[in-house]
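Student: Sequence first, then the predicted structure, then my questions.
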Amino acid sequence: MCLGTGITLITAMARGQGPDLNRVPFNPAIDNVNYWVHMAKRGLAPDFRTTGPHIPAVFKSSQINASPASFINSPDVAITTGNSQSENSVFVNPNNLAIAINSNNSLVSGIYRASAYNTSNTGATWSGVNSVEPNSYADPAVVIDNNNNWYVNYITQGYKQSVAKSINNGVSWTITQSADPGAGLLADKNHFMVDNSITSPYQGNLYNAWTMFYGGGVNNQKVHINRSTDGGATWSANLNISGALGSVLDQGVNIQTGPVGEVYVAWAVYAPSFGDESAIGFCKSTNGGATYTAPVTAINNIRGIRVTGCGKSMRANSFPSMAVDNSFGPNRGTIYIVWTNVGVPGVNTGTDVDVYMIKSSNGGSTWSTPVRVNGGPTGVGKKHYFGWITCDPKTGTLNVIFYDDRNVSSTQVEAWVATSCDGGVNWIDFRVSDVAFTPNVGAGGYFGDYLGISSYDNAVYPVWTDNRSGTALAYTSPFILTDSCNCANDLVIQNVVFPLNFTKHYKAANTITVAGSGTTVTLTGNGVTGSNIILQAGGIVTIGGGFTAQLGSSLKVRHGDCDTTITARPANQTLKGINDPEITSIVNKSADELERMSKMGKDYFLVYPNPANNRLTVYVPMDDKSVKKRLLITDLMGKVVKQQQIVNSRIDLDVSGLPRGGYMVIVTGPNNTQQTRKLILH
């Protein structure tokens with residue numbers, strides 16, 4: 001059955017109808033905005049579609065003033081205009097960091113739908129539709145898998161769960177019902193995730209979770225979950241995973257996956273009555289979502305803001321947001337959970353409202369002491385809330401978006417991002433919104449229930465709702481982080497297999513040890529492509545006996561300070577233990593030395609320094625100068641900004657005239673062959 005241009009329905013949308021909202025009692029715990037709209041018609045709730053008087057926003061600056069952000073000028077972009085957008089979900093394409101998708105609660109003809117927007121130019125412009133399909137009913141969550149399939153999960157009419165899938169970059173969508181809670185039941189406040197870990201046996205699995213309402217008994221107001229192992233075509237039976245906690249309400253579920261396919265689920269716990277959040281529930285699966293452990297609380301004795309509020313004319317909550325480090329960095333496998341707390345967790349008093357984080361390095365068996373994520377003064381009643389966290393799967397860097405009023409009046413708010421390069425031990429935060437705005441003073445204070453953020457390979461996409469134009473719209477202000485913050489004092493890399501087409505730059509102020517006694521590190525390759533690892537240490541790099549590099553892989557070693565510049569070091573700081581002919585070592589060698597090495601069969605293509613400032617050097621092997629090669633520098637949208645024929649191996653370039661940001665350096669050869677390197681100008 002065709003539902004309109006580019007939309008196809010492939011499964012029946014209803015096995016049983018949802019609750020009769022003209023008869024059931026009003027439940028204020030249900031956060032779905034369309035549910036409240038219906039209850040408003042019965043006179044039981046305020047109508048969220050109304051808005052209060054618009055208060056003009058105050059422009060601050062489009063500059064991002066923080067050392068890790070290499071895009072210092074990042075003007076806000078409205079993802080769409082003309083209709084209200086709130087509750088933001090965003091996901092960066094793991095195949096291309098310039099591409100991202102976004103979905104929001106989108107007000108269309110008086111009903112909130114799930115939109116579908118995308119960018120192909122790092123957030124500069126967006127296109128898409130206000131409703132991914134006619135039956136969408138808000139609360140969206142988006143993902144992109146490693147095969148470039150795009151997904152939007154949302155509540156559908158009848159208060160079931162559906163998934164829209166696109167295999168052609170959002171041109172058309174296929175709709176599948178992912179969950180039917182049953183006749184008379186309501187599935188609300190859902191979340192959705194894909195397993196994109198390249199080391200997971202369950203790569204590509206999809207997971208959908210929600211809270212069940214109106215069911216009565218053990219299923220009522222509990223978290224349920226199911227999965228798809230075939231790209232969303234079919235879905236497993238629903239599992240109640242929170243009921244054993246015995247709490248009054250479990251809501252605000254969040255799903256993440258780990259390096260070897262672990263499925264982690266967290267949610268807010270309300271006990272002994274509906275009020276502020278009092279704990280965070282947690283469970284996990286180690287068999288691809290077939291079964292789950294008994295639910296536990298990751299942390300008790302917290303106090304959220306569901307009833308207390310955020311001091312603004314908008315409703316608020318303290319639903320948890322979770323991230324897992326799937327990078328090959330030192331914090332690989334660590335789980336992070338953020339939430340909003342009144343005062344210090346465990347004390348839970350005062351007028352401060354802050355974003356806190358806990359983490360687990362052992363699969364959720366134990367959790368750390370809470371750490372305050374946002375900066376700003378304490379003890380003065382400032383509000384920081386709606387935290388949402390992402391962990392960059394390439395770098396392991398953490399980024400958290402939140403609303404913040406530290407520098408504005410008590411009725412205003414700004415969008416901020418906090419960044420951590422050391423697993424959440426230290427944080428740097430900065431304003432990303434260009435303006436300070438006053439949330440709409442509408443009936444019920446509806447301004448969305450969560451924000452969104454996603455990152456990949458240092459490209460960060462924060463998305464939030466503000467009403468600077470007089471309408472609540474989704475805004476984004478993407479930026480790119482430098483890699484200089486990912487630096488340890490000493491670093492040990494062990495028991496890991498780096499997959500094909502994986503590139504990583506490790507930095508340490510002192511020493512880097514690769515493998516060692518009883519450990520292994522393997523770079524995989526197939527003779528054409530392979531892993532590419534760069535090690536940069538101020539002291540000694542030691543390669544142990546457990547290291548192997550298969551054909552096609554590359555290991556480059558640099559001695560230099562732990563920053564963005566490679567500098568000369570004393571001669572006694574040497575590279576030890578390399579005896580594999582597939583391993584190449586670059587230790588501040590001159591162009592003549594590199595030329596001699598290339599004639600020995602070593603295939604180098606170097607871009608340095610990287611990140612660069614005004615000057616850039618590119619080294620390209622020219623064993624046979626009769627072979628024509630060409631050098632191109634493009635921006636992330638593919639536009640060529642510099643190009644020239646390669647005559648000599650070493651090319652020195654003046655890049656002072658190029659805007660600061662991300663680029664690709666491309667060397668083309670015969671038969672349309674090409675090699676690429678990413679470049680950051682700062």
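Tutor: Yep, it's here. This structure is a prediction, so every number in the text was calculated from the model and none was measured.
Student: all contacts plus neighbour counts: C-alpha atoms, from now on.
Tutor: Will do.
Student: quick one: low-confidence ranges for the stretch 1-150 of the chain?
Tutor: Across the stretch 1-150 of the chain, the ranges flagged by pLDDT under 70 are 1-16, 48-51, 65-72.
Student: Excluding covalently adjacent residues, which one is nearest to Thr81?
Tutor: Nearest non-adjacent residue to Thr81, counting by CA to CA, 6 or more residues apart in numbering: Leu473, 6.9 Å away.
Student: Give me the neighbour count for Thr379.
Tutor: Careful, residue 379 is Gly; it's not Thr. Neighbourhood size, Gly379 [other CA atoms under 10 Å]: 10.
Student: contacting residues around the closest residue to it other than its chain neighbours?
Tutor: Once its chain neighbours are removed from consideration, Gly379 has its nearest residue in Asp352; the separation is 6.2 Å (CA to CA, 6+ apart). Contact criterion CA atoms under 8 Å, 6 or more residues apart in numbering gives 342-343, 378-383 as the residues in contact with Asp352.
Student: Give me the neighbour count for the residue nearest to Thr81.
Tutor: Residue crowding around Leu473 was assessed by other CA under 10 Å; the count is 26.
Student: go on, Gly52?
Tutor: That count, for Gly52 with other CA under 10 Å as the rule, works out to 13.
Student: same deal with Ile512?
Tutor: For Ile512, the tally of surrounding residues (other CA under 10 Å) stands at 24.
Student: ok, it to Pro181 distance?
Tutor: If you measure Ile512 against Pro181 using CA to CA, to the nearest Å, the figure is 52 Å.
Student: the helices in the stretch 551-682 of the chain, which residues?
Tutor: Using DSSP state H, counting those that start in this stretch, the helices found in the stretch 551-682 of the chain span residues 591-599.
Student: In it, where is pLDDT below threshold?
Tutor: Across the stretch 551-682 of the chain, the stretches falling below the confidence threshold (pLDDT under 70) are 558-605, 608, 622-625.
Student: Sketch out the strands for it, chain order is fine.
Tutor: For the stretch 551-682 of the chain, the strands identified by DSSP state E, counting those that start in this stretch occupy 554-559, 575-576, 606-608, 615-619, 629-635, 640-646, 650-654, 661-668, 674-681, in order along the chain.
Student: now these as CSV including mean neighbour count and distance to Ala187?
Tutor: Output for the strands of the stretch 551-682 of the chain, formatted as CSV (neighbours: other CA atoms under 10 Å; distance: least, CA to CA, whole Å):
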stretch, mean neighbour count, distance to Ala187
strand 554-559, 22, 50
strand 575-576, 14, 59
strand 606-608, 17, 52
strand 615-619, 17, 55
strand 629-635, 19, 44
strand 640-646, 14, 49
strand 650-654, 13, 58
strand 661-668, 20, 42
strand 674-681, 17, 44
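Student: care to break the protein down by domain?
Tutor: 2-181+191-480, 487-588, 603-682 (automatic domain parsing).
Student: Any idea how far apart the tips of stretch 521-528 sit?
Tutor: First-to-last distance for stretch 521-528 - CA to CA - comes to 20 Å.
Student: There's contact between Thr297 and Ser278 in this structure, I believe.
Tutor: No. The pair Thr297 and Ser278 does not pass the contact test of CA atoms under 8 Å, sitting 10.1 Å apart.
Student: quick one: which of those two has more around it?
Tutor: Comparing Thr297 with Ser278 by other CA under 10 Å, the one with more neighbours is Ser278, at 23 against 16.
Student: who's in contact with the more buried one?
Tutor: Neighbour list for Ser278: 268-271, 300-304 [criterion: CA under 8 Å, 6+ apart].
Student: May I ask which of those residues comes out lowest in pLDDT?
Tutor: Here the lowest pLDDT out of those sits on Ala271, with 85.
Student: I'd like to know how many residues surround that residue.
Tutor: Considering only other CA under 10 Å, Ala271 is surrounded by 17 other residues.
Student: Can you tell me which of the contacts of Ser278 end up in helices?
Tutor: Residues from those lying in helices, with DSSP state H as the criterion: none.
Student: Quick one: buried ones out of those?
Tutor: Neighbour counting with 16 or more other CA atoms under 10 Å marks 268-271, 302-304 as buried within the contacts of Ser278.
Student: hang on, the earlier thing: what's the closest of the strands of the stretch 551-682 of the chain to His191?
Tutor: When the strands of the stretch 551-682 of the chain are compared for distance to His191 using CA to CA, the nearest one is strand 661-668, at 31.7 Å.
Student: what inclination does that closest one have with respect to strand 615-619?
Tutor: On the basis of axes from the mean of the first three to the mean of the last three CA atoms, to 10 degrees, strand 661-668 is oriented at 30 degrees to strand 615-619.
Student: could you check the angle strand 674-681 makes with strand 661-668?
Tutor: Computed by the same axes, to 10 degrees, the angle separating strand 661-668 from strand 674-681 equals 160 degrees.
Student: picking that back up, out of the domains of the chain, which one sits most buried?
Tutor: Comparing these on average neighbours per residue, with mean count of other CA atoms under 10 Å, the densest one is domain 2-181+191-480 at a mean of 21.
Student: so what's the residue nearest to Ile144 when sequence neighbours are not counted up against?
Tutor: Nearest residue to Ile144, sequence neighbours excluded (CA to CA, 6+ apart): Trp150, at 4.6 Å. Contacts were defined as CA under 8 Å, 6+ apart; by that measure Trp150 touches 142-144, 165-167, 169-170.
Student: Can you tell me how far Thr349 is from Val307?
Tutor: Taking CA to CA as the measure, Thr349 and Val307 are separated by 14 Å.
Student: Centroid-wise, who is the farthest residue in this protein?
Tutor: When each C-alpha in the chain is compared with the mean C-alpha position (CA atoms, centre = their mean), Ser626 comes out farthest, at 46.1 Å.
Student: So Val132 lies in a strand, does it not?
Tutor: No. Using DSSP: H, G, I helix; E, B strand; the rest coil, the secondary structure at Val132 is coil, not a strand.
Student: Run a quick check on it versus Ala164, I expect a contact.
Tutor: Yes. Under the criterion of CA under 8 Å, Val132 makes contact with Ala164 at 7.2 Å.
Student: what sits in contact with each of these two?
Tutor: Residues within reach of Val132 and of Ala164 at once, by CA under 8 Å, 6+ apart, are Trp173.
Student: ok, now which ones touch the closest residue to Gly544 other than its chain neighbours?
Tutor: The spatially closest residue to Gly544, leaving aside those adjacent along the chain, is Gly516, at 4.4 Å (CA to CA, 6+ apart). For Gly516, the contacting residues are 494, 543-546, by CA under 8 Å, 6+ apart.
Student: Val142 too?
Tutor: With contacts defined as CA under 8 Å, 6+ apart, Val142 is in contact with 89-91, 101-103, 150-153, 192-193.
Student: so how far is the longest strand seen in the chain from its chain's centroid?
Tutor: The strand that spans the most residues within the chain, counting by DSSP state E, is strand 503-514. The chain centroid and the centroid of strand 503-514 are separated by 24 Å under CA atoms, centre = their mean, to the nearest Å.
Student: list the helices and strands the following helix or strand past that strand packs on?
Tutor: Beyond strand 503-514 in the direction of the C-terminus, DSSP states H and E gives the next helix or strand as strand 521-523. For strand 521-523, the contact count by 3 or more CA pairs under 8 Å, 6 or more residues apart in numbering; DSSP states H and E identifies strand 496-498, strand 547-549 as packing neighbours.
Student: Any stretches of the stretch 351-500 of the chain with poor pLDDT?
Tutor: Ranges of the stretch 351-500 of the chain meeting pLDDT under 70: 441-444, 482-488.
Student: ranges for the helices of it?
Tutor: With DSSP H, counting those that start in this stretch, there are no helices along the stretch 351-500 of the chain.
Student: Show me where it has its strands.
Tutor: Ranges of strands within the stretch 351-500 of the chain are 353-360, 371-372, 384-391, 398-404, 414-420, 428-431, 435-436, 452-456, 459-466, 473-476, 479-480, 488-493, 496-498, based on DSSP E, counting those that start in this stretch.
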